[in-house]
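J.: requesting a structural model of the entry that follows:
(2 chains)
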Amino acid sequence: AQRVTQPEKLLSVFKGAPVELKCNYSYSGSPELFWYVQYSRQRLQLLLRHISRESIKGFTADLNKGETSFHLKKPFAQEEDSAMYYCALRGTQGGSEKLVFGKGTKLTVNP
Amino acid sequence: DAGVIQSPRHEVTEMGQEVTLRCKPISGHDYLFWYRQTMMRGLELLIYFNNNVPIDDSGMPEDRFSAKMPNASFSTLKIQPSEPRDSAVYFCASSFRPGLSNGYTFGSGTRLTVV
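T.: Alright, predicted model coming up:
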């Protein structure tokens, strides 16, 4: 079974502080992992994919298979980063195409 | 491309009424997904289609929910009869096989309130 856990429902930091949003997953095979962001009352937007190893808006995420984690990090948070962040997993075995999402973390960046 | 288009944006209905949510995927995308978002449960996959065929409907909560995709450019999610606990934001998303590793493109959602 595929499972994604985001242990923090709420996370609050000050502008300029580092931020880390945690994501742990459970999957027996090699997963594909994603971070989505949802700004207030907007659609979900893809932020990062683990396969691309990219940095978007200053955010990075590294897949740690040993710890089954895919934490999202940014060294200096900005007020415009305030949003809901969802970690998602797609299994690569058994032909399943569905994305399973964590319950999300609401990030608030205070001035 | 206008992206994934959902209608209506907001729907308020009375308990017991039928509700139909609509989705137009991105042209050329052969996968379509319906998700429900609530504060308590987050984002839950209800059903997804590939080439207009339902592949996995294990997330559909009960028989009151049904989804169809009569052609590649249109899908509906119907709730009959609706109940207050169905109040949520319903998102539609689409993708295509080579792009699955790129994630999905989501619509703006339909905010459903059942009173």
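
J.: setting aside sequence neighbours, what's the nearest residue to the residue most central in space within chain B?
T.: For chain B, the residue nearest the mean C-alpha position is B:Trp34 (3.1 Å; C-alpha atoms, centre = their mean). Of all residues not flanking B:Trp34 in the chain, B:Leu46 sits nearest, at 4.4 Å (C-beta to C-beta, 6 or more residues apart in numbering or on different chains). Quick note: C-beta positions are derived from backbone N, CA and C, even for glycine.

J.: same check on A:Leu46?
T.: That would be B:Gly103: by C-beta to C-beta, 6+ apart, it lies 4.3 Å from A:Leu46.

J.: just B:Pro54 next, same as before
T.: B:Ile47 is the one closest to B:Pro54 (C-beta to C-beta, 6+ apart), at 6.0 Å.

J.: which strands and helices lie in contact with the helix or strand containing the one you found?
T.: Using DSSP states H and E, B:Ile47 falls within strand B:42-50. Under the contact definition 3 or more C-beta pairs under 8 Å, 6 or more residues apart in numbering or on different chains; DSSP states H and E, strand B:42-50 sits against strand A:99-101, strand B:31-38, strand B:53-56, strand B:65-71, strand B:74-79.

J.: now these as CSV including distance to A:Gly66?
T.: Output for these, formatted as CSV (distance: least, C-beta to C-beta, whole Å):
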stretch, distance to A:Gly66
strand A:99-101, 21
strand B:31-38, 30
strand B:53-56, 30
strand B:65-71, 39
strand B:74-79, 40
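
J.: can you give me the angle the strand holding B:Ile47 makes with strand B:65-71?
T.: Counting by axes from the mean of the first three to the mean of the last three C-alpha atoms, to 10 degrees, strand B:42-50 lies at 40 degrees to strand B:65-71.
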